[in-house]
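Q: fold the following.
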Amino acid sequence: MKRSISLLALSFVVLSIAHAQTKPRARDLGIPFEGMPGQFNAITDVKGVEVGYTTLISGEGKSAIRTGVTAILPQGKNFKGRVFAGWHTLNGNGEMTGTTWVEESGGLGSPVMITNTHSVGVVRDAVIEWGVKRGVSDGYSGDFSLPVVAETYDGLLNDINGFHVQKEHVFQALDSAKSGPLAEGNVGGGTGMVAHLFKGGTGTASRIVKDKDTTTYTVAVLVQANYGARQFLSIAGVPVGREISDLLPSIKREDSGQGSIIIVVATDAPLLPHQLKRIAQRAGLGVGIMGGMGENPSGDIFIAFSTANAAEASKDDGISNLTMLPNEKISRLFRATAQATEEAIVNAMVAAETLKGVNGNTVYALPHGRLRDALRKYNRLRETPKK
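A: Prediction:
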């Protein structure tokens with residue numbers, strides 16, 4: 001669902017509400033993946049998680065705006081507590097604010113926001129102001145005052161030095177956040193992103209994990225994919241980057257893995273902070289499956305949170321009585337994290353559309369037909385695509 005509005009002297013602004021898109025997803029093309037997805041195959045399969053986008057597209061030439069904001073609310077807009085969390089960096093040429101307190105406290109008490117590199121500050125300040133207006137805190141709190149805001153660089157397509165993201169755009173992303181199916185590709189903070197020198201962006205996926213005692217958990221991922229060298233791109237084990245070596249951006253960017261990826265992992269499994277840090281680490285395996293190597297110029301930063309134990313994690317007095325999944329049971333969640341990360345990245349690339357941006361720079365979408373041809377060549381195409 002999209003509608004045009006007038007904001008801040010921009011010629012137009014597209015506000016992307018986090019509803020389902022009509023474009024195909026990776027499974028619709030017959031790409032095989034391991035694991036069982038949830039109802040929406042999205043981070044919103046974890047109960048209570050809401051996602052909102054503001055997508056900014058305006059102008060041409062030197063002033064082309066191709067950027068936005070993504071908001072992930074761990075327990076919806078009215079949640080004023082915290083959840084357990086952990087974070088990890090595969091390579092640190094990037095930014096995710098608030099992680100020092102996440103590491104120290106083991107908790108996450110703010111939305112997770114994603115935008116472009118030069119807009120982290122305004123987004124951070126706007127999240128705090130949004131919280132003040134909603135009465136989240138009457139005074140200083142590490143959870144409230146140190147929000148988590150992450151970035152990837154969209155300067156190849158966006159007038160990043162124009163500082164076009166404003167606090168009103170942050171408010172829109174937060175206020176529009178919803179559960180249910182999500183749009184992907186050129187939306188939110190992922191609007192101007194590039195992955196493996198194809199058009200990248202926002203993607204999501206989930207996995208259902210069943211334990212032997214019939215207990216079911218959900219592990220779900222949202223990515224902002226802006227990383228990777230073309231030559232190493234692998235999809236379902238197929239060297240797609242070598243099979244489709246043309247369709248390079250109109251302005252040359254060194255094919256060295258320059259760029260970044262932000263990954264947010266949500267689960268309803270009862271995990272404590274040290275276990276969630278381990279979950280966040282496994283998101284890097286999904287990047288590796290795709291051909292990302294955590295290269296020197298890449299900022300690969302991941303955060304994981306659990307919606308279980310939220311009431312206990314939010315207590316500020318008394319004794320907390322927690323539930324915890326034993327470490328011996330966590331390997332299934334590790335696999336689910338890597339699987340969902342892989343599919344979320346592919347979903348971002350499949351949904352993304354060719355985009356012309358600043359100074360006429362053009363980044364091309366991953367061609368669906370040629371992708372299917374490559375998969376068929378290596379006997380990896382599921383001829384009857386599964387939803």
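
Q: surely Gly131 touches Ser110?
A: Yes - shown here, Gly131 and Ser110 form a contact pair, counting by CB atoms under 8 Å, at 7.4 Å. The C-beta positions use only the backbone N, C-alpha and C, and glycine is treated the same way.

Q: what's the span of stretch 177-194 from first residue to last?
A: Terminal residues of stretch 177-194 are spaced 24 Å apart (CA to CA, to the nearest Å).

Q: in that stretch, which residues are buried?
A: Of all the residues in stretch 177-194, those buried under the rule 16 or more other CB atoms under 10 Å are 177-179, 181-194.

Q: for the stretch 51-200 of the chain, just list every one of the strands.
A: Ranges of strands in the stretch 51-200 of the chain, per DSSP state E, counting those that start in this stretch, are 65-73, 83-92, 107-108, 112-116, 148-152, 194-195, 198-199.

Q: can I get stretch 103-121 in CSV? Just the C-alpha atoms.
A: Extracted in CSV, the C-alpha atoms of stretch 103-121 (Å, rounded to 0.1, in the frame of the first residue of the first chain):
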residue,chain,number,x,y,z
GLU,A,103,25.9,-5.7,25.9
GLU,A,104,26.1,-4.3,29.4
SER,A,105,22.4,-4.8,30.4
GLY,A,106,21.4,-7.7,28.2
GLY,A,107,18.2,-5.8,27.4
LEU,A,108,16.6,-3.9,24.5
GLY,A,109,14.2,-1.2,25.5
SER,A,110,13.8,0.7,22.3
PRO,A,111,12.6,0.1,18.7
VAL,A,112,15.4,-1.0,16.3
MET,A,113,15.7,1.6,13.5
ILE,A,114,17.6,1.2,10.2
THR,A,115,18.4,4.1,7.8
ASN,A,116,21.3,5.4,5.8
THR,A,117,24.8,6.2,7.2
HIS,A,118,24.4,10.0,7.4
SER,A,119,21.0,9.9,9.0
VAL,A,120,21.8,7.9,12.1
GLY,A,121,21.9,11.0,14.3
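
Q: now it: how far from the chain's centre is it?
A: In terms of CA atoms, centre = their mean, to the nearest Å, the centre of stretch 103-121 is found 12 Å from the chain centre.

Q: quick one: mean pLDDT for that stretch?
A: Taken as a whole, stretch 103-121 has a mean pLDDT of 97.

Q: among the strands of the stretch 51-200 of the chain, which is nearest Ala308?
A: strand 83-92 (7.9 Å; CB to CB).

Q: and the angle for the closest one with strand 148-152?
A: 30 degrees (axes from the mean of the first three to the mean of the last three CA atoms, to 10 degrees).

Q: strand 83-92 packs against which elements?
A: helix 99-105, strand 107-108, helix 273-290, strand 298-306, helix 310-313 (3 or more CB pairs under 8 Å, 6 or more residues apart in numbering; DSSP states H and E).

Q: mind putting those into TSV with distance to Arg376 and mean neighbour count?
A: Formatted as TSV, the helices and strands packed on strand 83-92 follow (distance: least, CB to CB, whole Å; neighbours: other CB atoms under 10 Å):
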stretch	distance to Arg376	mean neighbour count
helix 99-105	43	17
strand 107-108	43	25
helix 273-290	20	22
strand 298-306	31	28
helix 310-313	46	18
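
Q: now the ones you listed in TSV, with distance to Ala225?
A: Converted to TSV, those look like this (distance: least, CB to CB, whole Å):
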stretch	distance to Ala225
helix 99-105	20
strand 107-108	22
helix 273-290	9
strand 298-306	10
helix 310-313	29
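
Q: leaving out sequence neighbours, find the closest residue to Trp88.
A: Residue 88: His, not Trp. In space, and not counting its chain neighbours, His88 is closest to Ala280: 4.0 Å by CB to CB, 6 or more residues apart in numbering.

Q: who's in contact with the one you found?
A: Counting by CB atoms under 8 Å, 6 or more residues apart in numbering, Ala280 touches Gly86, Trp87, His88, Ile263, Val265, Phe302, Ile303, Ala304.

Q: so which of the strands of the stretch 51-200 of the chain is nearest Pro239?
A: Of all the strands of the stretch 51-200 of the chain, strand 198-199 comes closest under CB to CB, at 14.3 Å.

Q: show me the contact partners of the closest one.
A: 185-186, 193, 230, 233, 247, 349, 352-355, 363-366.

Q: can we see that at 7 Å?
A: Surrounding strand 198-199, the residues in contact under the criterion CB atoms under 7 Å, 6 or more residues apart in numbering are Met349, Ala352, Glu353, Thr354, Leu355, Val363, Tyr364, Ala365, Leu366.

Q: also stretch 154-161?
A: Residues contacting stretch 154-161 (CB under 7 Å, 6+ apart): 62-67, 116-118, 192-194, 249, 251, 253, 355, 357-358, 361, 363.

Q: repeat that with 6 Å
A: 63-67, 116, 118, 192-194, 355, 357-358, 361 (CB atoms under 6 Å, 6 or more residues apart in numbering).

Q: and the residues you listed, which is closest to Met36?
A: Nearest to Met36 among these, with distances taken as CB to CB, is Met193, at 28.2 Å.

Q: the closest residue to the closest one other than its chain neighbours: neighbouring residues, count only.
A: Leaving out its chain neighbours, the residue that sits closest to Met193 by CB to CB, 6+ apart is Asn226, at 3.8 Å. Around Asn226 there are 29 other residues, counting by other CB atoms under 10 Å.

Q: Asn226 is in contact with Leu197, isn't it?
A: No - checked against CB atoms under 6 Å, the pair Asn226 and Leu197 is beyond contact range at 11.0 Å.

Q: just read off the phi/psi values of Ile244.
A: Main-chain torsions, Ile244, degrees, to the nearest 10: phi -120, psi 80.

Q: count the residues that sit near it.
A: 19.

Q: for the residue nearest to His88, report the pLDDT, please.
A: For Ala280, pLDDT reads 98.

Q: mind putting the strands of the stretch 51-200 of the chain into JSON lines with distance to Phe334?
A: JSON lines is the format used below for the strands of the stretch 51-200 of the chain (distance: least, CB to CB, whole Å):
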{"stretch": "strand 65-73", "distance to Phe334": "21"}
{"stretch": "strand 83-92", "distance to Phe334": "13"}
{"stretch": "strand 107-108", "distance to Phe334": "20"}
{"stretch": "strand 112-116", "distance to Phe334": "21"}
{"stretch": "strand 148-152", "distance to Phe334": "22"}
{"stretch": "strand 194-195", "distance to Phe334": "23"}
{"stretch": "strand 198-199", "distance to Phe334": "28"}
